[in-house]
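Student: Here's my sequence, what's the structure:
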Amino acid sequence: MAFRTLSIAALIGLAGPFAVSAQAVISIGGPPACDSCTFRFTRLARLGGDTEQEGLISLASIVVRNSKGDYYVAPTYAGGLVVKYSPSGASIAVLGGAGGGPGEHRGIQEITLSANDSLYVFEEGNGRISVWGPDDRFVRVARLPAYPFEARALPDGRIILQSRATAIPGAKGAPIHLLDVSGNVIRSFGRANGDGPAITSTYDQWRAIALGPGETVWSGHYNRYEIELWSLTGEHIGTIVRRLPGFHPYIRMTVPPQPVLRALTQDEAGRLWVLITIADPEGWESDQPHRNFNTLIEVIDPTEARVVASCLHPKLIERFVAPGILPIIEQKDDGGLVVDVWKVDLQGLPTTPDKDSRSNSAISLSRGEDQCINSS
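Tutor: Next comes the predicted model:
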């Protein structure tokens, strides 16, 4: 069954390429290159639906998955608890509890997993990062120097923290911070304008981040379709620029809200997956915002400088669980919330990219109508 979409011409019609004079900038215009590609969604699990841990999922809940396929969810309505679920969705453990002692949490704002399955819990309320081992045993705490919008843990225990541009003294307005294993700031970076004016808009401070190849990190601007690649030494390597009609740079949110570049991840083939949330103008209700968003999913090949494929999903999707894995929060008939975890397969990719397929024309009305396919 194909998901219902909005007017593709209105929401994701693409302008042609445009000139950018800055060095190391890739401009991508035209429609997706792959006409035959589809995104097939297969549901893997429903989290929060069993009776033992029912009613804990909130709209702020974040889902991560370890190498065994188990899921961790936080924050929850149980305060300081992190709930662990099996690959099938059964609750199997809880980590922590409310408080400020070892192994307790207060004000969880972010969770992430390292490559060795250590869980990092970012607690605004305690001003720290609690680290749990792959065996779900509490290991240690590290300092949390600023509010965590997003974070990623490196294999050696260092942390990439995305926070307010003005939150850390000495950061000179940079929104990305590399922390050592104790939580001390090694360096701050992420201002492509170098020594230009400091970032002042709240929305211009937010970034979606993803680990890149080697010692690099991808940084996508929430308030415009620009994705930068930075080395962890603070070098700005390059920028991908993409234009969507109706997605222009902004410094203040309106009602209905403007599009937001909400999440990034890079798959094993080196492709960037991008989530852009778009308010549904046909049925916007500000008191139920999670029900009135669509999500544009785009897959970008940075080496070929093109968008491979895209589709418009009729639900709000704000994170990746892992490359190719998406969480969608659903409301049950009784008003409780659950998280459906979906595997997304990009099907129909040609074995050899056709570089001549990059077009300057606008995306057609039919493209995307049948490209988000539910196979559950």
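Student: Report the distance from stretch 158-172 to the chain centre.
Tutor: Using Cα atoms, centre = their mean, to the nearest Å, we find the averaged C-alpha position of stretch 158-172 to lie 19 Å away from the chain's own average C-alpha position.
Student: And it, what's buried?
Tutor: Within stretch 158-172, the residues that count as buried by 16 or more other Cβ atoms under 10 Å are 158-168, 171. Yep, even glycine has a C-beta here, placed from its N, CA and C like the rest.
Student: Quickly check those residues for the two that are furthest apart.
Tutor: Greatest spatial distance among the buried residues of stretch 158-172 (Cβ to Cβ): Arg158 and Thr166, at 22.8 Å.
Student: And the residue nearest the centre of the chain, how far from Ile227?
Tutor: Nearest to the centroid of the C-alpha atoms of the chain, with distances taken as Cα atoms, centre = their mean, sits Ala263, at 2.2 Å. Relative to Ile227, Ala263 is positioned 11 Å away (Cβ to Cβ, to the nearest Å).
Student: tell me, what's touching those two both at once?
Tutor: When contacts are counted by Cβ atoms under 8 Å, 6 or more residues apart in numbering, Ala263 and Ile227 are jointly contacted by Val274.
Student: So His153 is in contact with Glu110, correct?
Tutor: No, residue 153 isn't His; it's Ala. No. Using Cβ atoms under 8 Å as the test, Ala153 is too far from Glu110 to be in contact (10.6 Å).
Student: related to what we said a few turns ago, tell me the one of the buried residues of stretch 158-172 nearest Ser91?
Tutor: Within the buried residues of stretch 158-172, the smallest distance to Ser91 is 27.7 Å, found for Ile159 (Cβ to Cβ).
Student: That closest one and Glu318, how far apart?
Tutor: When Cβ to Cβ is applied, the distance between Ile159 and Glu318 equals 21 Å.
Student: do the same with Ala78
Tutor: Shown here: Ala78 relative to Glu318, a distance of 21 Å by Cβ to Cβ.
Student: what about those two, which has more around it?
Tutor: Set side by side, Ala78 and Glu318 give different neighbour counts by other Cβ atoms under 10 Å, the larger being at Glu318 (20 against 17).
Student: hang on, Asp204 is in a helix, isn't it?
Tutor: Yes. With DSSP: H, G, I helix; E, B strand; the rest coil as the criterion, Asp204 is part of a helix.
Student: What number of residues are in the vicinity of it?
Tutor: As a burial measure, the neighbour count of Asp204 was computed by other Cβ under 10 Å and equals 17.
Student: mind checking the SS state of the spatially closest residue to it that is not a sequence neighbour?
Tutor: Nearest-residue entry for Asp204: Asn223, 5.7 Å, with adjacent residues in sequence omitted and distances by Cβ to Cβ, 6 or more residues apart in numbering. In three-state terms, and counting by three-state DSSP, Asn223 is coil.
Student: cool, and the one 5 residues further on?
Tutor: Local secondary structure at Glu228 is given as strand here, using three-state DSSP.
Student: per-residue confidence at it?
Tutor: For Glu228, the model assigns a pLDDT of 96.
Student: That one: what's it in contact with?
Tutor: With contacts defined as Cβ under 8 Å, 6+ apart, Glu228 is in contact with 190, 192, 218-221, 236-240.
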